[in-house]
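> Pasting a predicted model and its sequence here:
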Amino acid sequence: MNPFLTSLPPSYKYPSVSSRRSCTSPISLPIKMALSADPSNRAWSIWRSCLGSALRTALACTIVGCVTLYGPPPLRRLVAFPAFSYVTVILIVTDATLGDTVRGCWQALYASVQGVCPAILSLWVIGPARLSTSTTSLAVAISAFAVALPDSTQLCKRIALGQIVIVYVVGYIRGADTDAIMHPVHVAASTVVGVLACVLALLLPYPRLASYEVNQNCKLFLENASERLKHFVRAFCAEDRISAVASVSQAKSLAVAGNELLQSIKRKQESMQWEIPPFRFLKPYCMKPGDILQDTEIPLRGMDIALNTIPSFPAPILNQDLKDSLLKLEDRIDLTLRQIYNTSLPYDSSTAPESNAHNSATKSLQTLCSISPTHKDLPSLFFLFCFKLLQNGLIDAPSSNPSKQGLWRNWVVMKLNTKRFMPAFKCSLSLGLATLFGLIYSKKDGYWSGLPVAISLSLSREATFKVTNIKTQGTVLGTVYGLLGCFLFEQIPKFRLLSLLPWFILTSFLCRSRMYGPAGGISAVIGALLILGRINYGSPSEFAIARIVETFIGLSCTIIVEILLQRTRASTLAKVQLSESFATLNDCFASMNFRKGKAELETKRKAMKVTVCDLGKFIREAEVEPNFWFLPFHGDCYNKLSGSLLNVVDLLFFASQAIGFLEQDSKKVNGFWKEVVEKIDCDLDGFKELVSSSVKCFEEITSIKSLIKLEEQLEKNELSFDIELGKSRIKVFSRSYEQEVEKLVTSFLHKSREVVEKLHDVDDEREHKIQMILNLGALAFCITSLAKEMKEFEKGVRELVQWENPSSHVNLYEISSKIHTLYS
């Protein structure tokens, strides 16, 4: 089973799109606490995580402070830039595990090769005495472009760019007193001290291992999945809706914790590969347990979809025999989950409790052979289909063979990509301008304008105004805290570092908050560190003012470059991406048949998933960008459409799985399978004909800029349109749409019954009948749900077009006819 992250049910409203994409901090609690919905337990887990991160950050900074303030004089002279040692610590150690830190060490080493080594050659050739404001800015810009263009990690680029700023700008400030070789070496030594401090902080008093956290969270997730399964089965077997809703609500509260655990596992699983001996015995390494556990999460979400669409309780197909079978299957799956829980993940299929467990799900559901599925039975059949997916996913979990790809493959990548040219150019120009204007304002403190830009580099799109705002706020907050610390400990400066501990704790919470996030939290902690963690830099008040001004100059340059070189607003890109999402949906519908099979549909579905995820990124960016003189972004409408598109991606996943199972069954019924394919594909083609033209119209309607411009183009070309053409193209809007869908599904069910009745001359006849009933029933359920989502698209597109054209009457038939007339 291909692991894939699905979303919430298609038949009811999502709580919010943002809640589905949120990622919270790792959960490391006893199982009962993790499963509890008690807010106090969650608060305690967050406190533990933030305190642990803050204490390790404090330990690393203390090590740097002791070395740079109280170390031997030769060492203090070598580590000439303690400020950059602190910056390196914050970039690497914030909420890091030992694996993260080891990886950060290698990236810092590679960054020094990129930043320091070329700088030595440049200073030796040019000569620090011949540097000027313009040549220094140009050297920084060229070096920044050379660092930003190759495909390497963001941490690596940030450290290298920070080194470049210090090497060139400080070299220019000191002029002829700068040693062309030793000056860059001092920068590299300062980086090394920060890196070693991070390693020690993650080892003492005991190592924080990603492998341990992942294994603990995997066990918590499996226990969580077991509890959710019990609630789902209880809901399915409920005698009334009230009991069923209560059980589903309990399962949903557990699903929130389960999603947090799964996201935590996925974030930390890569770090396990970097935890070298003596911790190698804590397996697994080179594995991705999060992808394996995804096979447990997907069917559980499918069960949630089914339970929220069952028309009445008790379920129409439920009888005592089926209830007993479900309880037995639940016990068997629970036993498998507990067996995995008591072993080290990832789970090996050889630990399956029964050798014939692949078929146990179908053998336990013998009562299904006697039913004749109707429309009301489809959600129940889909629930049982997901039950089957869950058991197959546990048994078919990949074994824990180490990856054959090299462990160090990803830490040095010099592959160039043409798509990286513009981001690299923007980085180069931003850093060059920040250095130029910073030096013009103050030669003494000029490097403080370039350094914030360098260490907060992001080569991907981001909400520039929001990020710049929180960076500025964080810098000011940290600087003010540093000044207060200097005032309180003016008589005992040796205790300044102690005043940073509360600030580390507070900034740990800021890093996890929506208001500030990592960018604001890191800026705040660096702002305080640069004042309280150093000595002999002059008056703290004067330094604070100079740094705030220089930081403002640097971040302002970033905004100016973004405005000049990235003129397309996120709201515009969101609309373009919405149209592209509808185009990829049409590609998926075109592949939804047995002639093309599961493989092609899965490929198209994954492509659609990527497109819809990109749409979500643009929506999030557009929601926080300033409106200025533009029309306000209609985030609610876009989020509804994005949620519906994610629903469709999920339904296509289940449809592809059903088609895949039917393909497997075809090998055992070759005698009449060709006839079966022709009959079922006939209905699938009918469904595609019903919805594809509508989706094409949605794509076209969302691609136009405005109705006024569309009218102007029609008048310019002297064209007339026929509104009936629009009615023939957009069948979703017609009053008979629901009747046509019901007629199509009825035909599909009738042909499915004919297929099942022909299964009388094959081995294990009853077993194959059950499989056919479940697979065909799940496919029919997906068709019905996809048809419902088309109506949601119609409502969303209509609302969006009306929002963008408030003075116009919106008639989608008319708009579609005009577009077709103009571009046909």
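Great, that's in hand.
> Which positions in the longest helix seen in the chain come out as buried?
Longest helix of the chain, by residue count under DSSP state H: helix 765-804. Neighbour-count burial for helix 765-804 flags 767-794, 796-801, 803-804 (criterion: 16 or more other C-beta atoms under 10 Å). No exception for glycine: its C-beta is placed from N, CA and C like everyone else's.
> Settle this for me: residue 190 is touching residue 77, isn't it.
No. In this structure, residue 190 is not within contact of residue 77 by C-beta atoms under 8 Å, at 11.4 Å.
> Those two: who's more crowded?
residue 190 (26 against 12; other C-beta atoms under 10 Å).
> how close does the more buried one get to residue 295?
The gap separating residue 190 from residue 295 is 47 Å, by C-beta to C-beta, to the nearest Å.
> And for residue 806?
From residue 806 to residue 295 the distance is 47 Å (C-beta to C-beta).
> From the neighbour counts alone, determine which of those two ranks first.
residue 295 (22 against 8).
> what's the pLDDT at that one?
As predicted, residue 295 sits at a pLDDT of 75.
> Mind telling me what element it is part of?
Using DSSP states H and E, residue 295 sits in helix 289-307.
> Could you tell me the angle between the next helix-or-strand element following that helix and helix 289-307?
Counting by DSSP H and E, the next helix or strand C-terminal to helix 289-307 is helix 320-341. Angle, helix 320-341 to helix 289-307, by axes from the mean of the first three to the mean of the last three C-alpha atoms, to 10 degrees: 160 degrees.
> Give me the packing partners of helix 320-341, helices and strands only.
Secondary-structure packing of helix 320-341 (3 or more C-beta pairs under 8 Å, 6 or more residues apart in numbering; DSSP states H and E): helix 210-236, helix 357-363, helix 378-395.
> can those helices go into JSON lines with extra columns for mean pLDDT?
Formatted as JSON lines, those follow (pLDDT from 0 to 100):
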{"stretch": "helix 210-236", "mean pLDDT": "86"}
{"stretch": "helix 357-363", "mean pLDDT": "48"}
{"stretch": "helix 378-395", "mean pLDDT": "80"}
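> for the ones you listed, which one sits closest to residue 425?
Using C-beta to C-beta as the measure, helix 210-236 is the one of the helices and strands packed on helix 320-341 that comes nearest residue 425, at 35.6 Å.
> and the closest one with helix 378-395, angle?
Going by the same axes, to 10 degrees, helix 210-236 makes 150 degrees with helix 378-395.
> Give me the residues contacting stretch 135-149.
114-115, 118-119, 122, 126, 131, 157, 160-161, 164-165, 168-169, 171-172, 416, 420-421, 423-425, 427-429, 431-433, 435-436, 439, 450, 454, 457, 459 (C-beta atoms under 8 Å, 6 or more residues apart in numbering).
> Give me the buried stretch members for that stretch, please.
Across stretch 135-149, burial judged by 16+ other C-beta under 10 Å covers 136-137, 139-141, 143-149.
> Skipping adjacent residues, who's closest to residue 612 in space?
residue 645 (4.7 Å; C-beta to C-beta, 6 or more residues apart in numbering).
> how near is residue 478 to residue 292?
41 Å.
> now do residue 46
Distance from residue 46 to residue 292, counting by C-beta to C-beta: 27 Å.
> So which of the two has more stuff around it?
residue 292 (25 against 16).
> number of nearby residues for residue 332?
Residues near residue 332, counting by other C-beta under 10 Å: 18.
> How about the contacts made by the residue of the chain most remote from its centre?
When distances to the mean C-alpha position of the chain are computed (C-alpha atoms, centre = their mean), the maximum falls on residue 176, with 49.6 Å. By C-beta under 8 Å, 6+ apart, the residues touching residue 176 are 128-129.
> Likewise for the one 10 residues further on?
Contacts here follow C-beta under 8 Å, 6+ apart; on that basis residue 186 touches 78-81.
> In a markdown table, list these along with pLDDT, neighbour count and secondary structure.
Shown next, in a markdown table, are those (pLDDT from 0 to 100; neighbours: other C-beta atoms under 10 Å; DSSP: H, G, I helix; E, B strand; the rest coil):
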| residue | pLDDT | neighbour count | secondary structure |
| --- | --- | --- | --- |
| 78 | 90 | 18 | helix |
| 79 | 89 | 22 | coil |
| 80 | 87 | 17 | coil |
| 81 | 89 | 26 | coil |
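> Please, which helix or strand holds residue 421?
helix 421-441.
> Now do that helix: distance to the chain's middle.
In terms of C-alpha atoms, centre = their mean, to the nearest Å, the centre of helix 421-441 is found 30 Å from the chain centre.
> Name the residues of it that come out as buried.
Neighbour counts over helix 421-441 (16+ other C-beta under 10 Å) mark 423-439, 441 as buried.
> do stretch 201-213 as well
By 16+ other C-beta under 10 Å, the buried positions in stretch 201-213 come out as 201-202, 207-213.
> Find the pair from those with maximum spatial separation.
Pairwise across the buried residues of stretch 201-213, and taking C-beta to C-beta, the largest span is found between 201 and 211, at 18.4 Å.
> Once you drop chain neighbours, what's closest to residue 208?
residue 97 (5.2 Å).
> OK, contacts around that neighbour?
202, 208-210, 213, 268, 271, 275.
> cutoff 6 Å now
Residue 97 sits next to 208, 210, 271 when contact means C-beta atoms under 6 Å, 6 or more residues apart in numbering.
> close enough to count as contact, the second one and residue 269?
No. With the criterion set as C-beta atoms under 6 Å, residue 210 and residue 269 do not qualify as a contacting pair; they are 7.6 Å apart.
> Check the gap between residue 623 and residue 444 for me.
Residue 623 is 41 Å from residue 444, by C-beta to C-beta.
> And residue 217, by the same measure?
For residue 217, the distance to residue 444 - C-beta to C-beta - is 49 Å.
> can you check residue 785 too?
66 Å.
> And residue 422, by the same measure?
34 Å.
> same check, this time on residue 302
For residue 302 relative to residue 444 (C-beta to C-beta), the value is 64 Å.
> of those two, who's got more company?
Remark: of residue 302 and residue 444, residue 302 carries more neighbours, 27 against 11, as counted by other C-beta under 10 Å.
> Quick check: that one touching residue 386?
Yes. Using C-beta under 6 Å, residue 302 is in contact with residue 386, at 3.6 Å.
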